[in-house]
Every structure is written in structure tokens, then in C-alpha cells.
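kindly generate the corresponding structure for this input.
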Amino acid sequence: MFKTMQLNRLIALALLFVCFIAAALGIQRRQAQEAAIDLSALQNTNRDRLELLELEGQISGGSFGPNSALGIRDRALKLLDEERVKGVLLTVNSPGGTVAVSQELYHALLKLREKKPVVVSMLDTAASGGYYIASAANKIYANAGTLTGSIGVILSSYNVQELLNRVGVQPQTFKTGPYKDILSPNRSVSEAERTLLQNLLSDTYGQFVRDVAQARNLPEDKVRALADGRIYTGTQAKANGLVDEIGTLDDATEALRTLAKNKDLPLVKSRPGFQDLFGGLLSQSSSNLGLGPSKVLEQLFGLFLKGQGLVSQPELPLWQSNFPQPLLLPAPLSE
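Next up is the predicted model:
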């Protein structure tokens, strides 16, 4: 028993070490991008400047670090009161993600643009939730080959009931209401559930369309006509009024300087604090290991508890929903 406990402790320490090594390797791959930042400006925040924010990856409340949607939301709200920052450049490289977190950053950028100019530069992908967020800027730049648009909401699930029947597995569920196990993979969706889910998606879709129309100053009917889930290239998006200009990151930076009425403002990426660095390392580790950040911590903590002999309990009733989040994501591209 003692040897097993010691082994579990060693495994937990080894996994933690692997997490941070994976994070370090991921950070090294980004050094080329970081070299483009004016390092002298990074060390001098007591001057007028433009600030660079970078949204990367899928949008989710479970993501940590300065490049996550919530990390950028927090920084954007702090910039409301930073007089030295005369404008914000946000790069977006995201296929989208969950609805509420996209809305959190969208509304933060709307507040920010009331006090100082905000320009978005779309990189490879700024689709669905990524476009939702970008629409809050004063001006949007996209590369000609950027993939954007995909205005819509998707929710999917699997029904493995027939497979379970073939292997003789009989799921048992105890619930307090008819909809508590909605979208369970163990059974088909009922007609009442199908109607409920479609109404939920339609309501979320309406929020998406109205917010884009408001931020872009476009007629809602026009946005709705474009919002059938299709993906647009940067060139197509400009022709449809979803972006303002076709141009590079440098072009977007110059446009921001023009809006800030100062052609000499340096573009600076703020240094993340300790909490941001830890969150970024955790997110990078989880990405490289194929696990969510919370799962990395959960497994580490679980191994520790097992090593202490503290884990031995049955399944408990859940005071939570197993319902999957509706996503602002494009459908997978066929090859």
C-alpha cells in the first residue's frame, strides 16, 4: 500500500513536469511572433502608446491566459481607465466557441470603443464567435484569404442507443424533470425536446444577428440574409459589408494610428502578470497534452488524492446540467 501511494505521488509530479515542459516548447514556437513587438516600448509604459491584444484559439470559459477571450475581456476593461493607451489593436485567430463568453468580450469591446479606437486584424480564421467579437471594433481588417463569417449557432449530439443495445448495455437514469437529460446519448430526442432545442438556438441566433447589425451599423435584414452559417473569404466579407478593408496587420496598425490621430504611437503588447503567465502555461500544457486546463488540474489533484488514500466514493447526484453548450462555430470543412 505504501509503495502504491509513493508511486502515485511520483506519477503526479512527473505529469506536472511534463505539463510545464510542453508549455515551454509551445512558448518557444511563438518567439518569432513575439520578436515583432517593440521590446523597448514594453519596458516603458509611461508614454502614449497603442496596445496589442491577441485572441487565439477556441473561445471558452475554460480557457486561461492573456490570449483567451476572458483574459482579453479583463484587459479591455482595465484599458478603459488607462489614459496612456490611445487605441487598441486586436488580432483575431479563432474559429469561435461558446456563446456567453463571446458576448462577454463583444460587450467589453463596445465599451472600450466608446473611449478609444479599436481596430481588429483578422488572421487565418475569425469565424462565428470570432466574427461576433470582431464586429464590436471601430474598423475591421481581413486578409484576402481569411476565413470569416459563419454567423449562426450549432448544437450537436450523438445517439448511441442502438450500439448499447447490441452490446447489452442498459443505461439507467434518475431525474427530477422530463428535460433534465435532454440530448442524452442513450436515447433519441423526443419531438418536444426537438422543439425546445430549436427555439433555444433560434433565440441565440437572433441575439447574434442583432448584435452584429448594431455594431456594424447594418440593417438587421441584411445581416440575417448573410447569416446562414456560410463561411466567407476576406474578399467576400468585404463585398458584403462584414469587414471594412482588405489588409495586413501592418495596415491595421496604421489605420489605428490614424484613428488615434498620432502617427508616431508605438504598438505595445503589455506584459502579463503572474496569474496570466500561469494560466497561459496551463492552457498551453493542456493543448499539447490533448486535455482541457481543468482536466489537467483534475488529473493531477486526483492522483494526489489517490496517493493519500482519500479517493473512494460512489457516483453522486449531479447538481449540474450535462447539456452541451451551443457553439458559435463553423461546421467542419469536408476534405
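
so residue 189 sits against residue 183, correct?
Yes - the pair formed by residue 189 and residue 183 meets the contact definition of Cβ atoms under 8 Å, at 6.8 Å. Using the backbone N, CA and C atoms, a C-beta is placed for each residue, glycine as well.

need the contact list for residue 179.
By Cβ atoms under 8 Å, 6 or more residues apart in numbering, the residues touching residue 179 are 193, 196.

next, it: secondary structure please.
Here residue 179 is recorded as coil under DSSP: H, G, I helix; E, B strand; the rest coil.

who's in contact with the helix or strand harbouring residue 54?
Under the criterion of DSSP states H and E, residue 54 resides in strand 49-56. With contact meaning Cβ under 8 Å, 6+ apart, strand 49-56 is reached by 37, 41, 66-69, 72, 75-76, 79, 84-94, 105, 130, 133, 253, 256-257, 260, 265-270.

which SS class is residue 238?
helix.

actually, residue 203.
Three-state assignment for residue 203 (three-state DSSP): helix.

per-residue pLDDT, it?
Per-residue pLDDT puts residue 203 at 96.

please point out which parts of stretch 190-198 sit buried.
Residues of stretch 190-198 classed as buried: 193, 197 (neighbour count, 16 or more other Cβ atoms under 10 Å).

pLDDT weak spots in the stretch 51-200 of the chain?
Applying pLDDT under 70 to the stretch 51-200 of the chain flags residues 63.

which stretches of it form strands?
Secondary structure of the stretch 51-200 of the chain (DSSP state E, counting those that start in this stretch): strands located at 85-94, 97-98, 118-127, 139-142, 147-149.

what pairs with the fourth one, parallel or antiparallel?
Meaning strand 139-142. When pairs are called by DSSP bridges, strand 139-142 turns out to pair with strand 118-127 (parallel), strand 245-246 (parallel).

tell me how far residue 160 lies from residue 258.
Residue 160 is 56 Å from residue 258, where distance means Cβ to Cβ, to the nearest Å.

same question for residue 217.
Per Cβ to Cβ, residue 217 is found 19 Å from residue 258.

give me the more crowded residue out of those two.
Higher neighbour count among residue 217 and residue 258: residue 258, with 14 against 7, using other Cβ atoms under 10 Å.

on the pLDDT front, check the more buried one for me.
Predicted confidence (pLDDT) for residue 258: 97.

now the phi/psi pair for it, please.
Torsion angles at residue 258 (phi, psi; degrees, to the nearest 10) stand at phi -60, psi -40.
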